[in-house]
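# need a structure here:
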Amino acid sequence: MEILTALVDLVLPAPCAGCGAEGGSAPCCPSCAAALSAAKPQRVRPEPEPPGLPHTVALAAYDGALRSAILAFKERGRHDLAALLGDRLADVVDAGLGDGGSPVGGSSPGGPRPVLLVPVPDTAQAARNRHGDHMLRLARRAARTLCRRGRPAAVASPLRALPRPDSVELSAVDRAAAATTAFAVRPGRLPHVRAAVASGVTVVLVDDIMTTGATLCAAVDLLGRGSVPVPLIAVLASTRRRVNRGR
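Reported below is the predicted structural model:
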């Protein structure tokens with residue numbers, strides 16, 4: 001499917017994923033690409049902040065070109081955006097670890113601290129609809145980008161998503177209730193993640209959007225109960241009304 005999409009795009013270039021402008025050959029027009037490049041990762045906190053939420057960094061508010069690009073990638077099959085969004089996710093991880101933001105991991109004596117990116121998984125139905133797990137795709141791109149920059153990085157998938165209602169239709173209270181049963185651990189994969197942590201690797205949970213933080217906290221709690229601490233969450237976007245405007 002990805003090869004077919006790429007071939008179609010060569011013949012019929014897709015419109016800009018940020019503003020819909022026609023005629024370009026890149027995923028985003030120069031104006032939208034510049035807006036995405038100019039965004040500076042910052043710490044974000046939901047209001048109210050759920051107990052146990054780790055240090056969380058987002059690229060920008062869920063608005064404008066970023067919002068449109070995420071939706072195009074996630075829901076409309078625009079896999080040509082994986083490089084752009086994955087590279088910016090790598091920027092968020094770097095910022096959260098101390099390269100431009102509040103330090104969580106910082107550098108180890110031998111250089112930048114190695115990281116293990118754990119994407120919040122899609123449900124099986126969502127992955128089928130999207131022709132693959134969208135966050136796994138972004139996490140892999142981000143890991144490759146981090147490695148090219150000199151920070152050792154890899155991706156692990158110790159969680160699987162259980163069937164759940166579409167969070168778009170849920171209130172904050174209902175989101176929190178649904179989050180408690182949103183995930184399950186993949187027992188066979190957890191020992192490898194624990195071994196990485198024991199060797200000094202920092203686990204970073206990555207997702208596309210943070211709204212209430214309930215789903216992210218549920219994933220962090222489940223990993224913590226499996227002896228996998230998560231000191232940092234990196235997301236592409238945070239809903240505007242929850243961005244910490246004091247930073």
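# tell me how far the residue nearest to the spatial centre of the chain lies from Gly20.
Residue closest to the average C-alpha location in the chain (CA atoms, centre = their mean): Asp207, at 2.7 Å. Note on Asp207: its distance to Gly20, by CB to CB, to the nearest Å, is 25 Å. (C-beta placed from N, C-alpha, C; glycine too.)
# got it, and Leu146?
The spacing between Leu146 and Gly20, counted by CB to CB, is 31 Å.
# got the phi/psi numbers for the closest residue to Pro114 other than its chain neighbours?
Nearest residue to Pro114, sequence neighbours excluded (CB to CB, 6 or more residues apart in numbering): Pro152, at 3.7 Å. Per-residue torsions, Pro152: phi -60, psi 130 (degrees, to the nearest 10).
# Arg141 contacts Leu84, doesn't it?
No. The pair Arg141 / Leu84 is not scored as a contact, 9.2 Å apart, by CB atoms under 8 Å.
# tell me the buried residues in stretch 223-235?
Of all the residues in stretch 223-235, those buried under the rule 16 or more other CB atoms under 10 Å are Leu223, Gly226, Val228, Val230, Leu232, Ile233, Ala234, Val235.
# secondary structure element for the last one, which one?
What it means is Val235. In the assignment (DSSP states H and E), Val235 maps to strand 232-238.
# packing partners of that strand?
With contacts defined as 3 or more CB pairs under 8 Å, 6 or more residues apart in numbering; DSSP states H and E, strand 232-238 has these neighbours: strand 55-61, helix 64-75, helix 82-96, strand 202-210, helix 214-225.
# mind running it again at 7 Å?
Counting by 3 or more CB pairs under 7 Å, 6 or more residues apart in numbering; DSSP states H and E, the packing neighbours recorded for strand 232-238 are strand 55-61, helix 64-75, helix 82-96, strand 202-210.
# so which of the buried residues of stretch 223-235 is the closest to Val197?
Val228 (6.0 Å; CB to CB).
# show me the contacts for the closest residue to that closest one other than its chain neighbours.
Distances taken as CB to CB, 6+ apart place Val193 nearest to Val228, at 5.2 Å, with adjacent residues excluded. Shown in contact with Val193 (CB atoms under 7 Å, 6 or more residues apart in numbering): Leu116, Ala156, Pro158, Val203, Val228.
# who are the contact partners of the spatially closest residue to Arg88 that is not a sequence neighbour?
Leaving aside its sequence neighbours, Arg88 sits nearest to Leu59 (CB to CB, 6+ apart; 5.4 Å). Leu59 sits next to Ala39, Pro41, Leu66, Arg88, Asp91, Val92, Leu236, Ala237 when contact means CB under 7 Å, 6+ apart.
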